[in-house]
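J.: Sequence unavailable; structure follows:
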Ligand code: HEC
């Protein structure tokens, strides 16, 4: 069991740094090139205060849940034509799983919901 945990811990959230070039998350997160990603699931698209969204994003009518997010992050321009998020998308379903699991940890105040972090998944490196 111990070795299994270590294996899971090693490569987890490897895709998240790609988002961090443009997005912040956590208690002190600020809008950057892209909007803060705290509390994403359940949030309406285009609603982070102080971020200048494209009208395509703001008017997309999306409320982010796991299904819409997975579709979007595979190919952002296909899901929201006209988005100003310049990102080609994550093609590997495992990368998408990583990012979903990572985003789910943060509530809308950027606090970590510690109870859903399985023991052994060391997250310190990607923050
Ligand atoms: C090159 C910069 C860049 C990268 C890299 C990037 N984003 Fe974005 N993202 C943006 C911008 C800019 C927007 C705003 C889009 C708009 O207004 O059209 C955005 C919007 C979003 C939104 C919609 C937010 C909302 O409030 O509606 C989500 C979700 C998102 N990004 C997630 C991600 C994730 C997850 C990654 C990594 C896999 C990522 N982004 C990588 C720049 C980026």
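T.: Noted; the coordinates are in hand. Fair warning: this is a prediction, and the values are worked out from it, not measured in the lab.

J.: residues in contact with the residue most central in space within the chain?
T.: With distances taken as CA atoms, centre = their mean, residue 103 lies nearest the centre of the chain, 4.4 Å away. Shown in contact with residue 103 (CB atoms under 8 Å, 6 or more residues apart in numbering): 25, 37, 40-41, 69. Where C-beta positions appear, they are placed from N, C-alpha and C, glycine not excepted.

J.: Provide the secondary structure category for it.
T.: Secondary structure assignment for residue 103 (DSSP: H, G, I helix; E, B strand; the rest coil): helix.

J.: mind putting the contacts of residue 103 in JSON lines, neighbour count, pLDDT and secondary structure included?
T.: Shown next, in JSON lines, are those (neighbours: other CB atoms under 10 Å; pLDDT from 0 to 100; DSSP: H, G, I helix; E, B strand; the rest coil):
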{"residue": "25", "neighbour count": "21", "pLDDT": "95", "secondary structure": "coil"}
{"residue": "37", "neighbour count": "22", "pLDDT": "97", "secondary structure": "coil"}
{"residue": "40", "neighbour count": "21", "pLDDT": "98", "secondary structure": "coil"}
{"residue": "41", "neighbour count": "15", "pLDDT": "97", "secondary structure": "coil"}
{"residue": "69", "neighbour count": "18", "pLDDT": "98", "secondary structure": "helix"}
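
J.: In this protein, where is pLDDT below threshold?
T.: In the predicted model, the chain carries pLDDT under 70 at residues 1-12, 114-127.

J.: near the ligand, which residues of it show up?
T.: By CB under 6 Å from any ligand atom, the residues of the chain that approach the ligand are 18-19, 21-23, 33-35, 37, 40, 45-46, 48, 53-54, 56-57, 64, 73, 83-87, 90, 99.

J.: So what's the residue count around residue 93?
T.: Number of residues near residue 93 (other CB atoms under 10 Å) recorded here: 10.
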